[in-house]
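Visitor: next comes the sequence, and after it the predicted model I'd like to discuss.
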Amino acid sequence: MSPEIIQINADTWRIEDSGVRFFLLVGTEKALLIDSGMSVHDARDIAESLTSLPIMLLNTHADMDHIGSNSQFETFYMHPDDEEHYRKSGGKGRIIPVREGDTLDLGGRELKIIHLPGHTAGSIAVLDMSRRVLISGDPIQEHGRIFMFGEHRNMQDYIASLEHLKS
């Protein structure tokens, strides 16, 4: 099944991949793919069909449904607390660490990293500062389930992350 590409506005797309979504955010100088899908293995190709700018990848966390096309990138951003989880699932490539408070500037579009451990130790959200939009991977959802069972989940950290985000 082909992913559904939904243009949100002139410089933002949501890609629906078998119940999982990932995003492309475009600035004036570069673009950022947030997560790389689950069943698709050509997320970079999809992004390149939408913009001619250089494309970077950031993973909100290392669960399999968010790293499906990571092999298309030699380097990508991820919180270092998820590296072990990523490597155990066979993940390759060089991780550029991002932490709480870091910013990525796409050119006129500044993105702030917020660390939200609990779903996984390295779960992060991306706050699009000028548009006041939060892209959170799995920890925050309007619809759907947040899976909090299994090896990489910590309910106390998750509750603390929600309090942190609220503040």
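Guide: That came in fine, so what should we check first?

Visitor: helices along this structure, start to end?
Guide: For the chain, the helices defined by DSSP state H occupy 43-50, 83-88, 155-166.

Visitor: looking at these, which is buried most?
Guide: Mean neighbours per residue, mean count of other CB atoms under 10 Å, is largest over those for helix 43-50, with a mean of 18. No exception for glycine: its C-beta is placed from N, CA and C like everyone else's.

Visitor: who's in contact with stretch 129-138?
Guide: 12, 23, 25, 34-35, 60-61, 63, 66, 103, 108-112, 114, 116, 119, 123-128, 140, 146-147 (CB atoms under 8 Å, 6 or more residues apart in numbering).

Visitor: any stretches of this structure with poor pLDDT?
Guide: Within the chain, the ranges that satisfy pLDDT under 70 run 1, 142-149.

Visitor: now do the strands in it.
Guide: Counting by DSSP state E, the segments of the chain that form strands are 4-9, 12-17, 20-26, 31-34, 55-58, 75-78, 94-97, 103-105, 110-115, 124-128, 133-135.

Visitor: can you redo these as TSV with distance to E151 and mean neighbour count?
Guide: Listed next are the strands of the chain as TSV, based on distance: least, CB to CB, whole Å; neighbours: other CB atoms under 10 Å:
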stretch	distance to E151	mean neighbour count
strand 4-9	31	12
strand 12-17	24	19
strand 20-26	20	23
strand 31-34	24	25
strand 55-58	23	22
strand 75-78	18	20
strand 94-97	20	14
strand 103-105	29	14
strand 110-115	20	18
strand 124-128	19	21
strand 133-135	25	17
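
Visitor: among those, which is nearest E163?
Guide: strand 110-115 (12.5 Å; CB to CB).
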